[in-house]
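**Q** What follows is a protein structure lacking sequence information:
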């Protein structure tokens, strides 16, 4: 009789968890030069040497402490240029710094993101220049917890704004949980304190709902106290033939959350989405994977701007072979800004496909009524946007990405052009082997009349033991001078991973 056919209890003794202790000291040498328009000579260079370190310590097998002091993120890829003219809401840039990305998903609140006014409850890009940082994460049975503390030195010389975040989650399995979040920011007499709770549950295989409730209490530098409540409730029901989703959210006028990325407050808003899915079959339509007509609509009451808003968007989306897609939609609506009512809307065509193994091409076009968001003198206008995307991968080592955006805005009453903006982002990488990589980035923004060049050489012996070398240059169109270089910088950074 085979021994594998009998069940027996096996006991292991004298098992000890190995100590997890990683220390990564790093040093950075940098040199910066600048000059003003009309000057042929560069100003005296500013050279600097920085030293920092990060530590990762396994307190237990399920609890880890990560800390850093004087972190340097010069090797992090710069943000792609975006259109920064006439935006009603701030532009969201995702986190790219390694320290803040580790375990970041734990701090998200259910119900945020997507089409919500609150993109995320903890947006670590708010911490612009961290002097140091500490992050504790762990699990205990069905509980997950985490904490983050970081002082931000960007507020002024020898001054720091301290960000603190705490999070606890009770997991029920299958991505279901209830959780709590507390945040606190302190800067002299100014503070912002937040308590939040969230829940994410599902019923059966198709229905899911989630929500959050947030209470804030703040005091300004001048001693003015404020407070407010906020919250969101969302649901979705998904089947193969149709999808339905919706959300209701509310933020008081006094709502303030320094750690969050929130588009606006003083708002009650609801949106609804419904879609059908058709899957053609047969040789004649085999290249069409899915036909997806849908309707998205949103309504809101904006107390700060003094009115309501509504937007209705019917659309038709196709999915093809070769990762291809095409979307056509027409939106109509209105919004209030500076207590005035304006028409909004757009015709949009967006599509793309992986035409060959080495070529991916896409583009978009939209036009319609728009608003010039001047708080003192807003006016109705018309806008036209064109975008193009090209991805080239001529070999497994070489990757090239090209993105172009053009935005035209004109005054509706006269047809006069208010602005034209051209944005170009070029990104090229070459992977020599698993350890060595080169990256070159070129970006152009016509509205700011500047070109940015960014070059990085990266060599990783093992994870954590890395050498970086980088060079950056800025060209600006200044008066009669056509894009002379006005700034340049070089850095060299080395780090070493020591395990104990």
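**A** All right, it came through fine. Note that the structure is predicted; figures quoted are calculated from it, not measured.
**Q** give me every residue that touches the residue nearest to the spatial centre of the chain.
**A** By CA atoms, centre = their mean, the chain has its centre lying nearest to residue 94, at 2.4 Å. Residue 94 sits next to residue 125 when contact means CB atoms under 8 Å, 6 or more residues apart in numbering. Backbone N, C-alpha and C define where each C-beta goes, glycine included.
**Q** can I assume it sits in a strand?
**A** No - counting by DSSP: H, G, I helix; E, B strand; the rest coil, residue 94 is not part of a strand but coil.
**Q** Point out where this structure drops to low pLDDT.
**A** In the predicted model of the chain, residues 1-18, 37-38, 480 satisfy pLDDT under 70.
**Q** could you show me where the helices are in it, in order?
**A** 98-101 (DSSP state H).
**Q** Strands of the stretch 401-500 of the chain, start to end?
**A** 417-431, 436-445, 450-462, 465-476, 485-495, 498-499 (DSSP state E, counting those that start in this stretch).
**Q** Which residues does the longest one contact?
**A** What it means is strand 417-431. By CB under 8 Å, 6+ apart, strand 417-431 touches 80-83, 85-86, 372, 381, 396-411, 437-447.
**Q** same question, the fifth one
**A** Contact with strand 485-495 is made by 24-37, 72, 74-75, 464-476, 478, as judged by CB under 8 Å, 6+ apart.
**Q** What subset of those residues is buried?
**A** By neighbour count, with 16 or more other CB atoms under 10 Å, the contacts of strand 485-495 hold 24, 26, 28, 30, 33-34, 72, 75, 464, 466-470, 472-476 as buried.
**Q** Can you lay out the strands of the stretch 401-500 of the chain as JSON lines showing distance to residue 213?
**A** Listed next are the strands of the stretch 401-500 of the chain as JSON lines, based on distance: least, CB to CB, whole Å:
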{"stretch": "strand 417-431", "distance to residue 213": "39"}
{"stretch": "strand 436-445", "distance to residue 213": "40"}
{"stretch": "strand 450-462", "distance to residue 213": "42"}
{"stretch": "strand 465-476", "distance to residue 213": "43"}
{"stretch": "strand 485-495", "distance to residue 213": "42"}
{"stretch": "strand 498-499", "distance to residue 213": "43"}
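**Q** Next one: residue 222 from residue 185, what distance?
**A** Distance, residue 222 to residue 185, by CB to CB, to the nearest Å: 16 Å.
**Q** got it, and residue 110?
**A** 22 Å.
**Q** How about residue 276?
**A** The value you get for residue 276 to residue 185, if CB to CB is used, is 45 Å.
**Q** same question, residue 149
**A** Applying CB to CB to residue 149 and residue 185 gives a distance of 11 Å.
**Q** Between residue 222 and residue 185, which is the more surrounded one?
**A** Counted by other CB atoms under 10 Å, residue 222 and residue 185 do not tie: residue 185 has more neighbours, with 22 against 7.
**Q** quick one: contacts for the more buried one?
**A** Neighbours of residue 185 in contact, by CB under 8 Å, 6+ apart: 161-164, 191-192, 258-259.
**Q** ok, which pair from the residues you listed is furthest apart?
**A** Taking CB to CB as the measure, these span a maximum distance of 12.4 Å, between 191 and 259.
**Q** Please say which of those two ends up with more neighbours.
**A** residue 259 (22 against 17).
**Q** Skipping its backbone neighbours, what lies nearest the more buried one in space?
**A** residue 183 (4.6 Å; CB to CB, 6 or more residues apart in numbering).
**Q** in the sheet, who's paired with the one you found?
**A** Applying DSSP bridges to residue 183 gives these bridge partners: residue 165, residue 194.
**Q** which residues does it contact?
**A** Counting by CB under 8 Å, 6+ apart, the residues that residue 183 touches are 121-122, 163-166, 192-194, 196, 257-259.
**Q** again, but for residue 237
**A** 206-208, 243-245.
**Q** Go again with 10 Å.
**A** Residues counted as contacts of residue 237 (CB atoms under 10 Å, 6 or more residues apart in numbering) are 203-204, 206-209, 243-246, 274.
**Q** sorry, back to before: okay, the residue nearest to residue 259 and residue 211: tell me how far apart.
**A** Residue 183 is 18 Å from residue 211, by CB to CB.
**Q** With residue 251 instead?
**A** As judged by CB to CB, residue 251 and residue 211 stand 14 Å apart.
**Q** just to revisit the earlier point, return every residue with contacts to both of residue 149 and residue 185.
**A** Residues touching both residue 149 and residue 185 by CB under 10 Å, 6+ apart: 162-165.
**Q** and these, which are buried?
**A** Taking 16+ other CB under 10 Å as the criterion, what is buried in these is 163-165.
**Q** Redo the residues you listed as JSON lines? Include distance to residue 304.
**A** Formatted as JSON lines, these follow (distance: CB to CB, whole Å):
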{"residue": "163", "distance to residue 304": "26"}
{"residue": "164", "distance to residue 304": "28"}
{"residue": "165", "distance to residue 304": "27"}
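**Q** what's the neighbour count on residue 80?
**A** Applying other CB under 10 Å, we find 15 residues neighbouring residue 80.
**Q** Please tell me how far the closest residue to it other than its chain neighbours sits from residue 491.
**A** Nearest residue to residue 80, sequence neighbours excluded (CB to CB, 6+ apart): residue 425, at 4.6 Å. From residue 425 across to residue 491, the span is 22 Å (CB to CB).
**Q** Next: residue 428.
**A** Distance, residue 428 to residue 491, by CB to CB: 20 Å.
**Q** ok, those two, which is more surrounded?
**A** A count of neighbours by other CB under 10 Å puts residue 491 above the other of residue 428 and residue 491, at 20 against 16.
**Q** who touches the residue lying closest to the more buried one once chain neighbours are set aside in this structure?
**A** Setting aside the residues directly before and after it, residue 491 is nearest to residue 30 in space (CB to CB, 6+ apart), at 4.2 Å. Residues in contact with residue 30 (CB under 10 Å, 6+ apart) are 46-50, 72, 74, 470, 489-493.
**Q** Identify, from those, the entry nearest to residue 309.
**A** So of the contacts of residue 30, ranked by how close each gets to residue 309 (CB to CB), first place is residue 74, at 42.3 Å.
**Q** what residues are up against that closest one?
**A** 28, 30, 50, 456, 468, 470, 472, 489, 491-493.
**Q** try it again with 6 Å
**A** residue 491 (CB atoms under 6 Å, 6 or more residues apart in numbering).
**Q** ok, it to residue 489 distance?
**A** 9 Å.
**Q** same deal with residue 404?
**A** Plainly put, residue 404 is 26 Å away from residue 489 if you go by CB to CB.
**Q** ditto for residue 391
**A** 29 Å.
**Q** and if you look at residue 408?
**A** 34 Å.
**Q** do the same with residue 455
**A** For residue 455, the distance to residue 489 - CB to CB - is 11 Å.
**Q** same deal with residue 122?
**A** Relative to residue 489, and taking CB to CB, residue 122 is found at 31 Å.
**Q** what do you get for residue 199?
**A** 47 Å.
**Q** Then residue 302?
**A** Remark: distance between residue 302 and residue 489 (CB to CB) = 43 Å.
**Q** repeat for residue 20
**A** Separation of residue 20 from residue 489 (CB to CB): 36 Å.
**Q** who has more neighbours, those two?
**A** Taking other CB under 10 Å, residue 20 and residue 489 do not tie; residue 489 has more neighbours (18 against 15).
**Q** bridging residues for that one?
**A** Beta bridges link residue 489 to residue 32, residue 472 when assigned by DSSP bridges.
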